[in-house]
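no sequence on this one, just coordinates:
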Ligand code: ITT
């Protein structure tokens, strides 16, 4: 099955293509002629995942899915959450976002956080959503050079390394996105059998 992944984030694309395997051929936004940024105007991850997937389906009529992800920090009442991409600045400035997160958590004992990914899938006009969560905590300084975004500051529960200190395979095996994509694959198999 050919399926469009509605993302402009190259890191997400490589993580998800490693997870999906050969049964599904991932098509990029560029390949279907969508080069503009899809406006993310929703108030929740669920809404934004839906907005991105619908944007692509309405323009192309092709089966597609979108991922919206947020880092939810307990001591910050769930921030940056849906605003994770533009936490510190208007753009996707990972380094500035990480600096701001460390600043906001200065002196805080509770550093519990979780990554949450919502995937919206549209096949033959029918939309379905799945979610993946990983619990962990925010470290007091950055470690590691793998991954992207908040990975150098996020240590998943039960590990003593950040996501940025793990290989792509290790991160994918336990991450929010890995878990959401596992459910996506299950859903796609079920749909194929219908
Ligand atoms: P698309 O909307 O084009 O898919 P995006 O980067 O805007 O790409 P999101 O809105 O879902 O994607 O992501 C919000 C931000 O959360 C993202 O820019 C990163 O800073 C961060 N993020 C998402 N997934 C992450 C991950 O697996 N590890 C670390 N940070 C992540």
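Perfect, I can see it now. Everything numeric here is computed off the predicted structure, so don't read it as measured data.

Determine the longest helix present in the chain.
Scanning the chain for the longest helix, with DSSP state H as the assignment, gives helix 176-193.

That helix: how far from the chain's middle?
Remark: helix 176-193 is offset 15 Å from the chain centroid, using C-alpha atoms, centre = their mean, to the nearest Å.

Around the ligand, which positions in this structure sit nearby?
Listed as neighbours of the ligand in the chain under the rule C-beta under 6 Å from any ligand atom: 7-9, 12, 67-69, 84-85, 92, 94, 97, 147-151, 163, 175, 177. C-betas here are computed from N, CA, C, even on glycine.

elements contacting the strand or helix carrying residue 118?
Assigned by DSSP states H and E, residue 118 belongs to strand 112-123. Secondary structure elements in contact with strand 112-123, counted by 3 or more C-beta pairs under 8 Å, 6 or more residues apart in numbering; DSSP states H and E, are helix 45-60, strand 64-73, strand 126-138, helix 176-193.

Please indicate which of the residues of the chain next to the ligand are buried?
Restricting the residues of the chain next to the ligand to buried positions leaves 7-9, 12, 67-69, 84-85, 94, 97, 147-151, 163, 175, 177, with burial counted as 16 or more other C-beta atoms under 10 Å.

Just list the residues touching the nearest residue in space to residue 172 that is not next to it in sequence, thanks.
Setting aside the residues directly before and after it, residue 172 is nearest to residue 178 in space (C-beta to C-beta, 6 or more residues apart in numbering), at 4.3 Å. Applying C-beta atoms under 8 Å, 6 or more residues apart in numbering to residue 178 gives the contacts 15, 19, 132, 171, 172.

Show me the residue at the heart of the protein, geometrically.
For the chain, the residue lying nearest the average C-alpha position, counting by C-alpha atoms, centre = their mean, turns out to be residue 69 (3.7 Å).

looking at the helices and strands packed on strand 112-123, which is buried most?
Mean neighbour counts were compared across the helices and strands packed on strand 112-123 using mean count of other C-beta atoms under 10 Å; the top stretch is strand 64-73, at a mean of 25.

Report how many residues lie close to residue 26.
Residues contacting residue 26 under the criterion other C-beta atoms under 10 Å number 15.

Checking my notes, it in a strand, right?
Yes. Secondary structure assignment (DSSP: H, G, I helix; E, B strand; the rest coil) places residue 26 inside a strand.
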